[in-house]
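Peer 1: Sharing a model prediction with you, sequence too.
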Amino acid sequence: MNKLSIFSQFSASYTTSIKRTILSYRPINSQASGHPIKAYSRSVCKSRNNNQPHWGEIKSFSATSIANMPNRLQYSKNPYLLQHKDNPVDWYEWCEEAFAKAQKENKCIFLSVGYSTCHWCHVMEHETFEDDEAAKVVNESFVNIKVDREERPDVDKVYMAFVTASHGHGGWPMSVWLTPNLKPIYGATYFQKEDFLHLCKRVKELWDTEGRELEKQGEDVFNQLEKLNNQKDTRIARIVTWSAPKTLFTHFTKTFDPKNGGFSSQPKFPTVSQLIFLLRYHVLAKPPPNLDLSSLRMATFKSFAEKFDVNVLGITEKSEFIQALEKGIAARSTETQRALQMVELTLQKMAHGGIHDHVGFGFHRYSTDDHWHVPHFEKMLYDQAQLLQIYAEAYSITKNPLYKDTAYDILKYVDSNLTSPQGGFYCAEDADSLPNATATHRKEGAFAVWTSAEINESLHLDAALFSHYYGVKEQGNCPPDKDPHGELKSQNILYVADSIESTAARFGKSVEEAKEILQKCLSILASRRRTRPPPRLDDKILVAWNGLYIGALARASQLFSDTTLSDRALRAIDFIRSVMIVDGVLMRSYRDGLSNVKACVDDYAYFIQALLDTYEATFDDKLLELAYQLQDQQDQKLWDSDVGGYYNAETDPNLSLRMKDDQDGAEPSPNSV
C-alpha cells in the first residue's frame, strides 16, 4: 500500500466530518466524483497564426463578455494566468501579498489550480469566473489565488494530495478552500456555478462560526500527510533483487490488453514508462545466448538460480542444479519474449491508430476507446519525447521499419510545430480549433478530421484506395458514444483499417504502388490542412519537458546513427544553458523572458539525464561538467538527508509540506530518473 492510500484511510473520517459541517450535501456536479480524465485539456493556447491574438490580448471567451478592467494577472507572463486576466474575480498570484491580505482580513483563501490547455478549466472559467454574481461572492468572501500547475508543481502536488486522498482521485481545475494559514478545508475539481456558490457560502458561514475547528482539522490533515510523506519505506531501502522485476512483469501481463495492446480498457494512455520497463526486461532478464551450464561453478549456479527464479533449496548435485536451471531458463526465455510481444503489439496498434496523426505527424494525448481510434486531440511535448524514445529503442532491437518511420514522424512534428526559434521546445498544441476561417466556436479535433466529401474532392481517383486503407466512411467513422457533444458527426479520424498488402490486392496495385499513392494522398491532405485555422500553441518552454525531449533526441541519434538529431539536442541545451541558468541557478520556465520560479526536481532530473544522454552521443566534456554542477545543486537544494529521496521543489515558507514523487505517471517519476 502506498503512502497516499494510507493517508486516504486517515482522511476518510476527516472528509466525512467536513462534509457534514460544511457541505451538508455532496454537490452532484463536482467532477471530484467523476473520472480524472475530464481534467485533460481542451482550452485556449497562443496560436502560431500572427493574425490571432497574443496571450496578453486574449479576452474572455464568454459570449456576453463582462466589460471589466483587467485584474492583476495582466502583469503575468504565464499563459494560464493571462487567460484569466479579464475575469471579474479579484485574482492574485501565489504571493505574499495575497497571504498577508487573508490574515489581515481573517478571510479564507479560494485556490484555483489549472493549466493553459485544460478544457474543464476553461469551462469553469466561462460558467463561473466570468460571471458577475459568482465574482461578487468570491471577492467579498475570500482572497482568490490562481496557480498554474505546470509552473508551480510544488503547490499543485501538496493540495492535490489532499483532494485525491479526500475523494480517491483528482483532476483539474482543482478548487480548494484554505484557511488564512493555507491549511485545507475542502477541495475537489470542477464545479458548476450553482454548486460552487453554495460551497462558497457554506465555507464562509462555517469559518465565521467555527473557524478554530476548521483550522485544527486542516492542521491535523497536513500533519498526518507530512508524517507519511517523510516516513522511510523499508521496502525501498532493501536491495532490489530479481524478484522485483519478475513481480512487476507478472502484474503487467495481467493488466495487458492482448487484442489492442496497452494496459487498460478505456480511455487508453500510451503509458510509456511501462513499455520501457518491458523492453528492459526483455533485454536484461533473458538468458545469455549459447549458455553452457555444465561449465559453471557451483557458486555461480546460486546467482543464476536467483536471477531465473529457480528454487534450488535442498539440491546438492550439479546435475540436479543444471536440470532445475534449464527449466528456469526456458521459462524466463518465454517471459522475456512475451515482454517484447507486449511492447510490439502496443507500438503497432498506436502507430496504426487514430491517436497517431497520419497527416500532421506526432501523437495525440490519449485514446477515448480501447483500440486507439478516437483520440483526445491535444498534443503534448512530454508524450512526443517518451514515444520517440520507445519507438527508437524498439527499432534498435527488432529492426522493424514501422518503428523507425514512426519515430521520424514524431521528429517531423516537433520540428515543425513545437520548436522555438531559439532552439527550445514548446509545451503543447490544443485539442480544439476553429472548423473554418469564419467560425467562432472551436471544436474538438476540427483541425485533424475529414469528411468523406473532403477526401473525395482532394484525392479524386485515389480517394477509394485511400478511404479503404484509412477507414474513411461516408457517414463518418467516429462512434456516437465517443462524441457526446456531436462535434465529430460525419467526420473521419484516419486510422489504418486494412493491411497494405490486402489494400494493394483489392485495388489491383503492387504494394509499392499502393504505398506511393498513400504517401501522395497524405501530402495533398497536409497541404489542405494548412489552410485551416490551426490549434492554439502553448509556447512556454519548461526545462523538465525539454529535458525529456533532448534525451530522446540524443538516444535516437545513436540508435539511428543520425548526427542531425544530436545537433538539435545540443542547440536546445545551449538555449537552456545560456538563457535559463541565471548566476549558476537553473530556472523552470521561459516565455517572453524567464519566470521567477526556480527549477523543480523534474527540471533537474530530466535535464541532467538529457545532458548525460547527449554526452554519450557527442562526448562533449562540457555537458558532463554541467551535469555534475546541476547534480550538486539538486543534492543541496532537494535531497532529503533524513529518509532519502528528492523533494519536488525548494522550501517555500508558505508551504508547510514538501512532497516527493515516487510513482510514474504521464511523466516518469523524477526520483526514479
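Peer 2: Perfect, thanks for sending it.

Peer 1: Looking at whichever helix in the chain runs longest now, give me its mean pLDDT.
Peer 2: The helix that spans the most residues within the chain, counting by DSSP state H, is helix 193-229. Averaging pLDDT along helix 193-229 yields 89.

Peer 1: How about stretch 322-330?
Peer 2: Rounded mean pLDDT across stretch 322-330 is 80.

Peer 1: likewise stretch 141-151?
Peer 2: pLDDT averaged over stretch 141-151 gives 96.

Peer 1: pLDDT weak spots in the protein?
Peer 2: Scanning the chain for pLDDT under 70 picks out the ranges 1-68, 231-240, 298-299, 312-314, 316.

Peer 1: please redo it, this time with the cut-off set to 80
Peer 2: The chain contains residues with pLDDT under 80 at 1-69, 119, 226-243, 286-321, 324-326, 485, 656.

Peer 1: Could you list the domains of it?
Peer 2: 3-229, 380-431+537-673 (automatic domain parsing).

Peer 1: I'd like those domains written out as TSV, with distance to residue 345 and mean neighbour count added.
Peer 2: For glycine as for every other residue, the C-beta is placed from the backbone atoms N, C-alpha and C. Listed next are the domains of the chain as TSV, based on distance: least, Cβ to Cβ, whole Å; neighbours: other Cβ atoms under 10 Å:
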stretch	distance to residue 345	mean neighbour count
domain 3-229	23	19
domain 380-431+537-673	11	20
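
Peer 1: of the ones you listed, which approaches residue 289 most closely?
Peer 2: Shortest distance between residue 289 and these, using Cβ to Cβ, is found for domain 380-431+537-673: 14.3 Å.

Peer 1: Distance from the closest one to the middle of the chain?
Peer 2: Using Cα atoms, centre = their mean, to the nearest Å, the distance from the centre of domain 380-431+537-673 to the centre of the chain it belongs to is 14 Å.

Peer 1: go on, stretch 361-374?
Peer 2: 14 Å.

Peer 1: list the contacts for residue 105?
Peer 2: By Cβ atoms under 8 Å, 6 or more residues apart in numbering, the contact list for residue 105 reads residue 143.

Peer 1: go again using 6 Å as the cut-off
Peer 2: By Cβ atoms under 6 Å, 6 or more residues apart in numbering, residue 105 lies in contact with nothing.

Peer 1: What backbone torsions are found at it?
Peer 2: Dihedral pair for residue 105: phi -90, psi 0, per degrees, to the nearest 10.

Peer 1: hmm, back to that, now tabulate the domains of the chain in CSV and tack on distance to residue 369.
Peer 2: Converted to CSV, the domains of the chain look like this (distance: least, Cβ to Cβ, whole Å):
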stretch, distance to residue 369
domain 3-229, 12
domain 380-431+537-673, 16
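
Peer 1: Tell me which of those sits nearest to residue 256.
Peer 2: Closest among those, once you apply Cβ to Cβ, is domain 380-431+537-673, at 15.6 Å.

Peer 1: Can you get me the start-to-end distance on that closest one?
Peer 2: 20 Å (Cα to Cα, to the nearest Å).

Peer 1: Start at 36, not 1
Peer 2: Noted, 36 is the first residue going forward, which turns the last one into domain 415-466+572-708.

Peer 1: now for the longest helix of the chain, which elements pack on it?
Peer 2: For helix 228-264, the elements it packs on are helix 38-53, helix 167-176, strand 219-223, judged by 3 or more Cβ pairs under 6 Å, 6 or more residues apart in numbering; DSSP states H and E.

Peer 1: re the thing from before, closest one to residue 282 among the domains of the chain?
Peer 2: So among the domains of the chain, domain 415-466+572-708 is nearest, using Cβ to Cβ, at 15.9 Å.

Peer 1: Leaving out the residues flanking it, which one is nearest to residue 650?
Peer 2: residue 658 (4.2 Å; Cβ to Cβ, 6 or more residues apart in numbering).

Peer 1: Can you give the contact residues for whichever helix or strand that neighbour is part of?
Peer 2: Assigning secondary structure by DSSP states H and E places residue 658 in helix 656-673. For helix 656-673, contacts defined as Cβ under 6 Å, 6+ apart pick out 636, 639, 643, 646-647, 649-650, 681-682, 685.

Peer 1: Please apply the same query to stretch 613-625.
Peer 2: 186, 575-578, 629-630, 632, 634, 638.

Peer 1: Stretch 681-696: end-to-end distance?
Peer 2: One end of stretch 681-696 to the other measures 8 Å (Cα to Cα).

Peer 1: for stretch 176-190, that is, sorry about that
Peer 2: First-to-last residue span, stretch 176-190, Cα to Cα: 22 Å.

Peer 1: Stretch 569-588 too?
Peer 2: Terminal residues of stretch 569-588 lie 26 Å apart, using Cα to Cα.

Peer 1: hang on, the earlier thing: okay, among the contacts of stretch 613-625, which ones form the most distant pair?
Peer 2: Maximum distance among those (Cβ to Cβ): 14.3 Å, for 575 and 634.

Peer 1: Residue 626: what's it in contact with?
Peer 2: Contacts of residue 626 (Cβ under 6 Å, 6+ apart): 112, 575.

Peer 1: now with 8 Å?
Peer 2: Each residue near residue 626 by Cβ under 8 Å, 6+ apart is listed here: 112-114, 574-576.

Peer 1: For residue 112, see how far away it is.
Peer 2: As defined by Cβ to Cβ, to the nearest Å, residue 626 lies at a distance of 5 Å from residue 112.

Peer 1: Which ones among the contacts of stretch 613-625 lie within strands?
Peer 2: 576-577 (DSSP state E).

Peer 1: Which residue, neighbours along the chain excluded, lies closest to the residue nearest in space to the middle of the chain?
Peer 2: By Cα atoms, centre = their mean, the chain has its centre lying nearest to residue 701, at 3.6 Å. Nearest non-adjacent residue to residue 701, counting by Cβ to Cβ, 6+ apart: residue 417, 6.6 Å away.
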